[in-house]
Structures are given as C-alpha cells and as structure tokens.
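Chemist: Here's my sequence, what's the structure:
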Amino acid sequence: MTSLGHSNGSHTVLVIPQWQGSAARNPQRLAKGAHQLSALLPAARRTVVEIDPRPGQDLDGVRHLDVLTRSLEATRAALGRSGDDTLLSVGGDCGIELAPVARAVARHGDSLAVVWFDAHADLNTPDTSPSGGFHGMVLRTLLGQGPSQLAPRPEERLSTRQIVLAGARALDPAELDFIESERIRALSVQALREPGQLISAVAGTGATHVYIHLDLDVLDPEHFTSLSCPEPGGLHPDQLRAALHALTKRFNFVGMGITEHAPATDSANSDHVLQRILDGMAFQ
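Modeler: Next up, the predicted model:
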C-alpha cells in the first residue's frame with residue numbers, strides 16, 4: 001500500500017467508540033464498528049479514546065448530551081497527545097468529528113476545506129432536529145451554531161465557505177433552507193460519478209489543504225451493508241475510492257474521519273469493500 005496523498009509522514013489512528021450521538025436503532029453497534037474498522041487500518045500509532053459505554057441524559061434537545069460532552073473532553077485530551085501527526089479518526093457516530101475537525105481548522109485556517117461525504121448534511125440544530133440525535137447536528141455545531149456544551153472555540157470554527165457536501169441525499173427541510181441561504185457547495189451522487197466536479201468545488205473554496213469526513217452511509221446499501229442509517233441511491237465503492245484518491249493527490253491531506261460503521265453478524269463482505277476503498281491509502 002502506498003501513502004495517502006500529501007501528508008506530513010507520521011500518522012495516528014484515533015479510535016473513538018462513541019455511539020450516543022446516533023438516533024438509529026441498535027446504535028451500540030457503532031462502538032463495535034469503530035474497533036473492527038480500526039483493525040483494518042495500519043497505523044504508526046493507535047490510540048483508543050475511553051468512552052463511557054452507558055446511555056446519558058437527554059438535555060436541551062440533544063440525546064445523551066452529558067455523555068457526549070465527556071466524550072468530547074476525552075477526545076480533545078487524546079488529540080493533545082498526538083503531536084503533529086496526520087490524524088485518522090475512526091468512529092463511532094459522526095459526532096466524533098468535533099475535535100478532529102476543530103483541530104484542523106485551528107491549524108490551517110482559511111486554507112482548509114472540509115469535504116463531507118455523507119448521505120445526510122448533519123446541519124440541523126437542536127431546534128430543527130427531528131430526532132435529537134447529535135450525529136445530525138455535528139457539521140452545524142462546527143460552524144458554531146450547535147449546543148453550547150459541544151461548540152468549538154472561535155478559532156476552531158468552520159465557515160460555510162469551507163464546506164463541500166458530497167453525496168448528500170436525505171435532507172431535512174431546515175437543512176435544505178440553510179444550504180440554499182448560505183450557498184454551501186453541494187455535489188449530488190450523480191456529480192460524483194467522476195471526481196472532476198469535486199476537485200473543482202474544493203478548488204473553488206480557495207483551499208490548499210483538505211480534511212475528509214467519510215460517513216459510510218454515503219455508499220449505496222446495495223454495495224455496502226454495514227450501515228446504521230442506509231439511504232438508497234448512494235455511491236458505488238469504486239466511485240468513492242476514485243474521489244478520495246483524487247482529493248489526496250490534488251490537495252494537502254491533513255486528516256480524515258470514518259464514521260457510522262455498523263457491522264452485522266457476518267461483515268466479511270463489508271470488510272472487503274472497505275479494504276478495496278482504502279487500498280493504496282495507508283497513512284504513512
């Protein structure tokens with residue numbers, strides 16, 4: 001396996017087995033999925049963040065908010081020990097991305113774009129979320145517009161200009177309104193059949209560095225089944241692989257989060273699909 005794009009050489013795999021941000025059925029599968037996915041990835045250094053496995057309290061319109069707050073603190077502490085390594089974060093629900101993306105924003109500022117591969121936009125707030133699941137609010141929170149207990153510091157906040165949504169196809173009305181009003185760049189599954197439009201969209205942000213968020217539900221469930229929130233009409237694994245390679249070839253790669261891996265009893269085929277997507281992209 002070859003190295004993944006332009007990175008600084010050393011890398012850390014950060015395993016965050018958090019499930020409490022999910023509003024899906026059987027969300028505890030995501031904790032198992034984090035460990036199982038981590039085992040597929042080579043790493044110079046591997047750190048497992050200690051996450052409370054118990055449910056928490058629903059507060060201020062967010063499920064399990066107290067546990068999520070403690071998980072964020074634990075993840076920040078782990079990141080503080082990772083030095084300058086390129087980071088691969090493995091979840092767990094999408095809420096694990098708070099600290100890793102904030103870290104990338106603080107380091108790279110306006111030169112950073114975040115590509116959000118996800119069937120969902122994750123742009124709800126506690127007031128607009130139909131479920132109260134934080135995994136549907138994480139990107140909005142990274143903009144500084146989520147629950148105050150989880151909000152990034154001002155210097156760690158994204159701007160809407162830095163976001164490129166990729167493959168979103170299950171959006172709530174409030175998210176659609178926000179995307180339109182903020183003119184957030186968004187590419188459909190059809191637009192991702194070839195990576196050219198994606199590269200142009202990221203270049204249009206003015207960024208030279210890229211952080212990649214990969215919620216596995218961006219994939220079509222006909223081709224990948226280990227999903228907690230499957231949505232039909234997603235990407236083929238080969239299209240995703242081509243997009244990831246194109247991004248990391250064109251831009252300076254600063255980190256990646258892989259989330260929402262929910263393995264079933266027999267997940268051998270899904271493991272094979274993941275290995276095919278990530279083949280040639282070892283963090284070295």
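Chemist: and the residue nearest to residue 224 when sequence neighbours are not counted, which of the three is it?
Modeler: Computed as CB to CB, 6 or more residues apart in numbering, the closest residue to residue 224 that is not its neighbour in sequence is residue 273, at 5.1 Å. All C-beta spots, glycine's among them, are computed from the backbone N, C-alpha and C. Of the three states, residue 273 takes helix under DSSP: H, G, I helix; E, B strand; the rest coil.
Chemist: likewise residue 206?
Modeler: Using three-state DSSP, the structure places residue 206 in coil.
Chemist: OK, contacts around it?
Modeler: Counting by CB atoms under 8 Å, 6 or more residues apart in numbering, residue 206 makes contact with 110-111, 161.
Chemist: Likewise for residue 88?
Modeler: 11-14, 41, 43, 255-258, 283.
Chemist: Any idea how many residues pack against residue 238?
Modeler: 12 (other CB atoms under 10 Å).
Chemist: Okay, residue 245 and residue 271: tell me how far apart.
Modeler: Per CB to CB, to the nearest Å, residue 245 is found 20 Å from residue 271.
Chemist: same question, residue 80
Modeler: 32 Å.
Chemist: cool, and residue 98?
Modeler: Counting by CB to CB, the gap from residue 98 to residue 271 is 27 Å.
Chemist: more neighbours, the two?
Modeler: Taking neighbours as other CB under 10 Å, residue 98 and residue 271 compare with residue 98 leading, 27 against 16.
Chemist: Find me whatever residue is spatially closest to the more buried one, sequence neighbours aside.
Modeler: Residue 98 sits nearest to residue 72 (CB to CB, 6+ apart), 5.6 Å away.
Chemist: Now that neighbour: phi and psi?
Modeler: The phi/psi pair for residue 72 (degrees, to the nearest 10) reads phi -60, psi -40.
Chemist: Quick check, it in contact with residue 152.
Modeler: No: contact criterion CB atoms under 8 Å: residue 72 and residue 152 do not qualify, at 9.5 Å.
Chemist: I figured residue 277 hits residue 244, correct?
Modeler: Yes: here residue 277 lies in contact with residue 244, judged by CB under 8 Å, at a distance of 7.2 Å.
Chemist: on that earlier part again, any shared contact partners between residue 72 and residue 152?
Modeler: Joint contacts of residue 72 and residue 152 (CB under 8 Å, 6+ apart) are residue 98.
Chemist: I am finished for the moment; much appreciated.
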